[in-house]
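Student: okay, sequence plus prediction incoming.
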Amino acid sequence: MAKLHSFTSIELESFVFPSSIKPPSATKTLVLAGAGVRRLEIQGNIMKVAVAALYLEEKAIESLKVTWNGKTDVELLDSHEFFNEIYNGPFEKLIHVSLLVPSTGKFFSEAAAEKIVKAWKDNGTYNDVDAATIEKYLNVFKDENLLPGNSVLYTILSDGSVTVNIAKDGIIPEVPIAVLENTKMGYTLIKAMFRKNEGTVPEARQSVASRLSGFFD
């Protein structure tokens, strides 16, 4: 495991993602798998709106190594199977999003919810439980105003539930503001971020492929 502990931090747009973190809801310390800049078209202009990172349990990276040892970063980047193992793995994960521009909580949550609902409808699995999950998710953010430097943390637990925290002034509350028990939510959040050619943070997909291929060698 020594090489895992050599994973470095990543600095993007003056925000530093630490090499490891233990979110309040997690039972394990998670290591930084990769990160990238989230861009969005606003009024015809492409703007950098956030930076986002993925953290994984150390055992997840060891498990991935068994199958993917020796693969190049390009091979991992192009592999649906590799990222599906990350999406579906029964281990703790963290999506850490830090804002670069101000946003209402309503806009932030609706942008994510729209993609999640579309994914569920496209694969024919959207149901009343999903609708209730999305409503709960939107309610978490409806009265929030997010400023540059504020972070949203989605901790995906080994049972598939997702806890949501909002960090302000660098302080992560010990108690999550919501627990989303729909096991599809965490999977879809990560896939929306990393999906090949359609992910919201393509640089993060590249970063994960590069960093993990270096470990697998």
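Tutor: Perfect, I can see it now. Numbering: from 1, shown residues only.
Student: return the set of buried residues in the host helix or strand of residue 34.
Tutor: Assigned by DSSP states H and E, residue 34 belongs to strand 30-42. In terms of neighbour count (16 or more other Cβ atoms under 10 Å), strand 30-42 has its buried residues at 30, 31, 32, 33, 34, 35, 36, 37, 38. For the C-beta atoms, the positions are set from N, CA and C on the backbone; glycine is no exception.
Student: enumerate every residue touching the residue nearest to the spatial centre of the chain.
Tutor: Centrality entry for the chain: nearest residue to the mean C-alpha point is residue 95, 2.8 Å, by Cα atoms, centre = their mean. For residue 95, the residues meeting the contact criterion (Cβ atoms under 8 Å, 6 or more residues apart in numbering) are 52, 53, 54, 153, 154, 156, 189, 190, 193.
Student: before we move on, what about residue 16?
Tutor: Contact analysis of residue 16 by Cβ under 8 Å, 6+ apart lists 9, 10.
Student: now name the helix or strand holding it.
Tutor: strand 15-17.
Student: quick one: average confidence on stretch 33-40?
Tutor: The pLDDT scores in stretch 33-40 average 94.
Student: show me what that stretch is in contact with.
Tutor: With Cβ under 8 Å, 6+ apart as the criterion, stretch 33-40 contacts 10, 12-13, 17, 46-56, 61, 86, 97, 111, 200-212.
Student: counting contacts, what elements does the longest helix along the chain pack onto?
Tutor: For the chain, the longest helix by residue count, based on DSSP state H, is helix 105-122. The contact analysis (3 or more Cβ pairs under 8 Å, 6 or more residues apart in numbering; DSSP states H and E) places helix 105-122 against helix 128-141, strand 145-146, helix 183-194.
Student: list the contacts of the second one.
Tutor: Counting by Cβ under 8 Å, 6+ apart, the neighbours of strand 145-146 from elsewhere in the structure are 99, 102, 103, 104, 105, 108, 152, 166.
Student: let's see 6 Å
Tutor: Strand 145-146 has contacts (Cβ atoms under 6 Å, 6 or more residues apart in numbering) with 99, 103, 108.
Student: partner strands of it, parallel or antiparallel?
Tutor: For strand 145-146, the pairing partners within the sheet under DSSP bridges are strand 103-104 (antiparallel).
Student: can you give me how far the strand holding residue 16 is from the chain middle?
Tutor: Here strand 15-17 is found 15 Å from its chain centre; the criterion is Cα atoms, centre = their mean, to the nearest Å.
Student: do the same with stretch 166-175
Tutor: 17 Å.
Student: give me the residues contacting that stretch.
Tutor: 24, 150, 151, 152, 165.
Student: buried residues in that stretch?
Tutor: Buried residues in stretch 166-175, counted by 16+ other Cβ under 10 Å: 166, 167, 172.
Student: for residue 180, state which of those is nearest.
Tutor: For residue 180, the nearest member of the buried residues of stretch 166-175 is residue 166. The distance, counting by Cβ to Cβ, is 14.2 Å.
Student: tell me which element that closest one is part of?
Tutor: Residue 166 belongs to strand 162-167 when assigned by DSSP H and E.
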